[in-house]
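Chemist: take this sequence and fold it.
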Amino acid sequence: MWLISLSEMESRSQLADNSSFSNNEKVVIIQQQPVMECAIDLLTNIGSYGQVKLKARGDSIPTAVAVANVITEKLMKGNSQIVDITVDSENANGKYGMTLISTIQIIIAKKTN
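Modeler: Below is the predicted model of the structure:
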């Protein structure tokens, strides 16, 4: 599976606080991956959980945006929607000391009829 769920990233990421997420929501960390393979894997999570929170940082942001677009505009057109998009930044060690790394969070939900 190309997607990395939050539980697999707990020891390596700042995103490990899962207490603020609802039970019917899946948190997925997007990394540099093929967009279509990632979207297909994500499709099963949306079907199971009803709502998925994509998180990406740095160079992985375009992949997360592309995956969200493929899901909502192609694979689940009319049956899903982007609920919220949050753009932020966080401090990280860079080549020249501390630097800001851009982050994005995209919440995709399956529409209920």
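Chemist: for the closest residue to Ile85 other than its chain neighbours, report the pLDDT, please.
Modeler: Leaving aside its chain neighbours, Ile85 sits nearest to Ile106 (5.3 Å; criterion: CB to CB, 6 or more residues apart in numbering). Quick note: C-beta positions are derived from backbone N, CA and C, even for glycine. Model confidence at Ile106, given as pLDDT, is 95.
Chemist: next one: Leu3
Modeler: For Leu3, the model assigns a pLDDT of 43.
Chemist: returning to what we had before: burial check on the residue nearest to Ile85, number of neighbours?
Modeler: Residues contacting Ile106 under the criterion other CB atoms under 10 Å number 25.
Chemist: report the beta-bridge partners for it.
Modeler: Leu54, Ile85 (DSSP bridges).
Chemist: roughly how far apart are it and Ser60?
Modeler: 12 Å (CB to CB, to the nearest Å).
Chemist: so Ser48 makes contact with Lys26?
Modeler: Yes - checked against CB atoms under 8 Å, the pair Ser48 and Lys26 is within contact range at 7.4 Å.
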